[in-house]
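[1] Fold the following for me, if possible:
(2 chains)
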Amino acid sequence: MRAEFVQNQWDGLIPGLQNNNYDVAINGIEITDDRKQEVNFTDPYYLTYEQLIVNSNRDDINCLSDLVGKKAGALKSSLAERILQFPGVDVKTYDSEVAAMTDMANGRLDAVLCDAPIALYYAKPDPRFKLVGQPIGEISYGIAVRKSDTQLHAKLNSAINKLSTSGKLREILERWNLWHYLMAVYLNDKGPSNILPTKYDYYMTSLGKSKTFYDKLQRYWEFRSLFIWGIVNTLGVSIVAMIVAIIWGLFIALTRLYAPKPFSRLAVLYIELIRGTPLLIQLYFIYYALPNIGISMSPFLAAVIGLGLNYAAYEAENYRAGLFSVPRGQMEAAVALGMSRNQSLRHIIVPQGIRLVIPPMTNDFISLLKDSSLIAVITMNDLTKAYFQFATTYFDFLGAGVLVAILYLIIGLPFVKLAKYAEVKFSTFRTREEENRMKL
Amino acid sequence: MINSSEIMIDVQGLQKYFGEHHIIKGVSFQVRKGELISVIGRSGCGKTTLLRCLNCLELFDIGGIFIAGIALNRTLSGKSQEVDKSKSQKMLSKMALPFMGFEKEKQLDEDFRIKAHTLRTRVGMLFQGLNLFPHLTVLENVSLAPIIVKNENKIDVHQKAKELLKKVGLEQFTERYPSQLSGGQAQRVAIARALSMSPQVMLYDEPTSALDPELVGEVLQVMKNLHDEGMTQVVVTHALHFAQNASDRVIYMEEGHIIEMDSPDVIFNHPKDERTLKYINILKD
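    Sure, this is the predicted structure:
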């Protein structure tokens, strides 16, 4: 059996597990009593501690008690965050430790508390930071599975057991420079070792050398599949969501304008509700809250529905404006020819209204494309997520930011052109001169 | 030219309110098959409203209409005038919506609605403004209604539409869009569009008032041709020359009443009522 890799925001790992988006969550999840209420943990596969990091030019912070009156950063809903929650500390939380460290480098934080492996890999190689103070606390990482998956739980436990007793776990950890006294105690394996931290060294040298602009470009190229998939997901979600918005929006607009009172009121309520609440909240709601009442969906579906339903409200108002601007005589003429209300709408009013609406609609699509960056919060690996992943891995918010901005511009460009074309093509009441100009 | 004495339109005691305004105050008249009737009068005298009532685009409040074999009757059925007025005002507020006319229909019983709908398929109407469907070609404009309302065969309808366009002298314009036509051409297409439903009666609401003077003639000529073919036609018009020379009888309206209905010769040269005389004299000055 091959494992399928699903990436998600760290603090969304357990909700995503419960949401059936994946079956196993493994990424430095600390085993805590709170979390044990929600999911089952395997035996710990790694023990570690919290490490304090400060900017390398300061000496005033050496332990937790030095943080009183200071600003400290930590990963959102991590043990580090809870450790920092003592009087006098201004705690700021982040989606990733690297984001916190970047904030510290920019002077907005005094210290960052994070798990030791993170400090080892992201702060230690960076000359802007230094690791200070003693190890704090003890954390055990476990693999989380749903409570119902008892068989999977047992299998994972036996695998971890096999790894530790065979010495394979130690070998892996040594190679990545993650072996230390807590693990030695835990695995009862205190003997000397001749395994060199080759992987860690390779990582350190690869970090050290990518300094020039050309190296950076090369690194972007190495990660092209990350960005290409980001583009595919961003475009895919945006296009499908826009189709949903176009169809559902028309339905809402027609209901609002022509349906009996109760339905028309419902349509108004829908429009006001959607337009009056943030898209981000709507996405969280659809993805994380709906499963509570038994409606669980994939990230793609949730993203499409979230963006689609949201933009439908705006499109409905566009349609309404379009339908209103169809001259009153059109309906009269249709009725006078013996057409019913529905026939007049279908053949006369709606086709004309839609033509008027197409140019603003194309513009809306471009803004939907940009709003789609919010779907990163519901585990979609879109272009924004790719940016965040890449930037937090390589401390490269600037370069990758410019790159991703350019990519957004490029994928939006065809639709800008389309909007311009639609504006010319679908203006219903063209003059003869314009008509001739278009033929030329 | 009057082909027979068969009655095509018979209006009895027609009244119409717009809110508190009494627009038509009891109008009765008859039109025989094949007649061309011109309705003249000052702005606001109710002539346009009368015409729209004949096609149920406006719902009359009291009276009876018999037109093209369909009889519609309304009384105030026990309701007080007050209630009816407030209702009318409510309707007025809805007139801002693009589907006006329908809201009123909703309040009617099924039988009346079906009759009104059938009536519209038998009575063609031409409006003051140019309201061809701008998103459809000339041919599609003329063919749409028979196809979707009468479920007629598309090929047959297109054939018939081309004949109708030939009749109004526009057979070479079938693939044009309305924006590519002159006002006169547009109104002639609109006549062909109305004729596509094979109406028994044609109603015209100031069909030439939105046109440049040099384009008026071509539209009126089409109406004269239709008259020669025996079409029953009622025209609300300001084109007095046409009313005088082409119509069989002329109705003069003032403040919601028919003051006089007679041959053009009587109305224009020696009207019996002094109000008609006054109006004609103003026009002649």
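[2] Could you tell me the phi and psi values at residue 58?
    Just so you know, I chose chain A. Torsion angles at residue A:58 (phi, psi; degrees, to the nearest 10) stand at phi -120, psi 150.
[3] Oops, wrong one, chain B.
    Dihedral angles (degrees, to the nearest 10) for residue B:58: phi -110, psi 140.
[4] hang on, it packs against residue B:65?
    No. Proximity of residue B:58 to residue B:65 does not meet the contact threshold set by C-beta atoms under 8 Å, at 11.5 Å. Where you see a C-beta, it was placed from the backbone N, CA and C, and this is true even at glycine.
[5] which bits of the stretch 301-440 of chain A sit near chain B?
    Counting by C-beta under 8 Å from any C-beta of the partner chain, the stretch 301-440 of chain A comes close to chain B at A:323-324, A:326-341, A:343-345, A:347-349, A:351-352, A:355, A:428-432, A:435.
[6] Helices - which of those residues land there?
    A:323-324, A:328-336, A:341, A:343-344, A:351-352, A:355, A:432, A:435 (DSSP state H).
[7] Report how many residues lie close to residue A:397.
    If you count neighbours by other C-beta atoms under 10 Å in any protein chain shown, residue A:397 ends up with 17.
[8] For it, list the residues it contacts.
    When contacts are counted by C-beta atoms under 8 Å, 6 or more residues apart in numbering or on different chains, residue A:397 touches A:102, A:391.
[9] Nearest the geometric middle of the chain, what residue?
    Just going to use chain A. residue A:376 (1.7 Å; C-alpha atoms, centre = their mean).
[10] Please refer instead to chain B.
    Nearest to chain B centroid, counting by C-alpha atoms, centre = their mean: residue B:203, 2.7 Å.
[11] SS state for the closest residue in space to it that isn't next to it in sequence?
    Spatial nearest neighbour of residue B:203, chain neighbours left out: residue B:125 (4.7 Å); criterion: C-beta to C-beta, 6 or more residues apart in numbering or on different chains. Using DSSP: H, G, I helix; E, B strand; the rest coil, the structure places residue B:125 in strand.
[12] distance of residue B:125 from residue A:380?
    56 Å (C-beta to C-beta, to the nearest Å).
[13] which of those two has more neighbours?
    residue A:380 (28 against 24).
[14] ok, the more buried one to residue B:60 distance?
    61 Å.
[15] returning to that earlier point: right, and the residue nearest to the centre of chain A touches residue A:388 too?
    Yes. With contact defined as C-beta under 8 Å, residue A:376 reaches residue A:388; the gap is 6.7 Å.
[16] buried residues in stretch A:15-24?
    A:15-19, A:21-22, A:24 (16 or more other C-beta atoms under 10 Å in any protein chain shown).
[17] scratch that, stretch A:219-237
    For stretch A:219-237, by 16+ other C-beta under 10 Å, it's A:219-220, A:223, A:226-227, A:230-231, A:233-237.
[18] do the same with stretch B:57-77
    Buried, per 16+ other C-beta under 10 Å, within stretch B:57-77: B:57-68, B:70, B:72, B:74.
[19] so where's chain B uncertain?
    B:1-4, B:76-109 (pLDDT under 70).
[20] Check chain A too.
    A:1, A:208-211, A:426-440.
[21] Grab the longest helix from it for me.
    Assignment by DSSP H gives helix A:224-258 as the longest helix of chain A.
[22] how about that helix, does it get close to chain B?
    Yes. Using C-beta under 8 Å from any C-beta, helix A:224-258 reaches chain B at A:257-258.
[23] other SSEs contacting that helix?
    Using 3 or more C-beta pairs under 8 Å, 6 or more residues apart in numbering or on different chains; DSSP states H and E as the contact criterion, the elements in contact with helix A:224-258 are helix A:261-276, helix A:299-324, helix A:350-371, helix A:383-394, helix A:397-425.
[24] Perfect, that will be all.
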